[in-house]
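In: Dropping a prediction and its sequence here:
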Amino acid sequence: MNKGTFVVLASGRGSNFQAIIDRVSDGYINAVCTSLITDNPDAYAILRAKDAGIPAEVVSYRTFPDKNMYENALLATLARYNPDLVVLAGYMRLLGERIVDLYKGKMMNIHPSLLPAFQGLHAQRQALMYGTKVAGCTVHFVTHDMDAGPVIMQRTVQVLDDDDEESLSERILIEEHQVFPEAIKLFFEKKLLIKGRRVFLLPRT
Ligand code: GRF
């Protein structure tokens with residue numbers, strides 16, 4: 001049987017992209033990453049893709065007159081790869097309804113907080129400012145509302161008294177690099193069952 005395929009959208013550093021493709025290489029994820037797509041021509045993730053022999057597609061937001069035209073180009077690029085799953089790994093733009101609807105139940109994002117707490121930018125800073133004792137990360141399916149789709153998996157991290165934004169982000173990132181590949185693995189094993197807002201992990205057979 002042919003393996004499933006996915007593409008990764010990333011805007012910057014791409015450490016989650018790297019963690020994911022490493023877990024494809026070692027056989028943990030039984031699927032093929034067919035492309036990295038980025039909105040940022042300077043994204044470090046592009047170099048990671050080149051190193052791994054994965055095609056990198058730059059659909060640069062700046063080169064389009066408006067969001068609609070940008071999304072047309074993004075849709076056309078996605079259509080060329082026709083992925084089973086779209087993975088948002090540090091993709092810093094809100095996707096429009098057309099794309100979200102097209103990939104309903106087939107698009108995942110990772111967010112560095114325990115959703116629904118601290119949606120949006122600087123989630124780790126928000127946790128510190130609020131003073132929570134536990135922080136973490138969430139992998140969720142993407143819906144129209146930002147950082148609000150059905151939760152697939154979460155990991156927690158203790159907030160330490162001497163944490164700053166950088167140290168807390170670093171420890172959350174360690175968890176992100178584990179939990180995101182795990183969610184993708186389960187998706188391709190067809191172990192994720194979405195029922196309304198809840199995602200059930202089906203038992204191993
Ligand atoms: C991660 O913290 C992720 O949770 C958030 O953006 C950051 C991306 O980091 N959505 P990287 O580009 O994967 O290194």
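Out: The structure has been received and is ready for your questions. Residues are numbered from 1 along each chain as shown.

In: In this protein, where is pLDDT below threshold?
Out: 205 (pLDDT under 70).

In: In it, which residue sits closest to the ligand?
Out: Residue of the chain nearest the ligand, by Cβ to the nearest ligand atom: residue 90 (2.7 Å). (Glycine included, C-beta is placed from N, CA and C.)

In: Now do the SS call for that residue.
Out: Recorded secondary structure, residue 90: coil (DSSP: H, G, I helix; E, B strand; the rest coil).

In: Once you drop chain neighbours, what's closest to it?
Out: Take residue 90 and drop its neighbours on the chain: the residue closest to it by Cβ to Cβ, 6 or more residues apart in numbering is residue 10, 5.0 Å away.

In: Please name the residues that touch residue 127.
Out: Remark: with contacts taken as Cβ atoms under 8 Å, 6 or more residues apart in numbering, residue 127 is in contact with 113, 117, 118, 135, 159, 168.

In: who does the stretch of helix or strand residue 108 belongs to pair up with?
Out: Using DSSP states H and E, the element containing residue 108 is strand 107-111. Strand pairing for strand 107-111, determined by DSSP bridges: strand 85-88 (parallel), strand 134-141 (antiparallel).

In: coming back round to it: surely the residue nearest to residue 90 meets residue 16?
Out: Yes - using Cβ atoms under 8 Å, residue 10 makes contact with residue 16 at a distance of 7.3 Å.

In: any shared contact partners between the two?
Out: Among the neighbours of residue 10, those also in contact with residue 16 (Cβ under 8 Å, 6+ apart) are 89, 90.

In: Between those two, tell me which one has more neighbours.
Out: Each of residue 10 and residue 16 has its neighbours counted (other Cβ atoms under 10 Å); residue 10 has more, 29 against 23.

In: can you tell me how far that one sits from residue 66?
Out: The gap separating residue 10 from residue 66 is 23 Å, by Cβ to Cβ, to the nearest Å.

In: starting at the chain centroid, how far to the one helix or strand residue 76 maps to?
Out: Assigned by DSSP H and E, residue 76 belongs to helix 67-81. Distance of helix 67-81 from its chain centroid, counting by Cα atoms, centre = their mean, to the nearest Å, is 18 Å.

In: how about stretch 14-27, does it reach the ligand?
Out: Yes - using Cβ under 6 Å from any ligand atom, stretch 14-27 reaches the ligand at 14, 15, 16.

In: Is residue 9 bridged to anything, and to what?
Out: Beta-bridge pairing of residue 9 under DSSP bridges involves residue 37, residue 88.

In: What lies in contact with stretch 195-205?
Out: Contacts with stretch 195-205, where a contact means Cβ under 8 Å, 6+ apart, come from 141, 150, 151, 152, 186, 190, 191, 192, 193.

In: which of the residues in it are buried?
Out: Within stretch 195-205, the residues scored as buried using 16 or more other Cβ atoms under 10 Å are residue 199.

In: Over to stretch 142-157?
Out: Buried, per 16+ other Cβ under 10 Å, within stretch 142-157: 142, 143, 147, 148, 149, 150, 151, 152, 153, 154, 155, 157.

In: Can I take it that the last one is in a strand?
Out: Yes - read with three-state DSSP, residue 157 is one of the residues of a strand.
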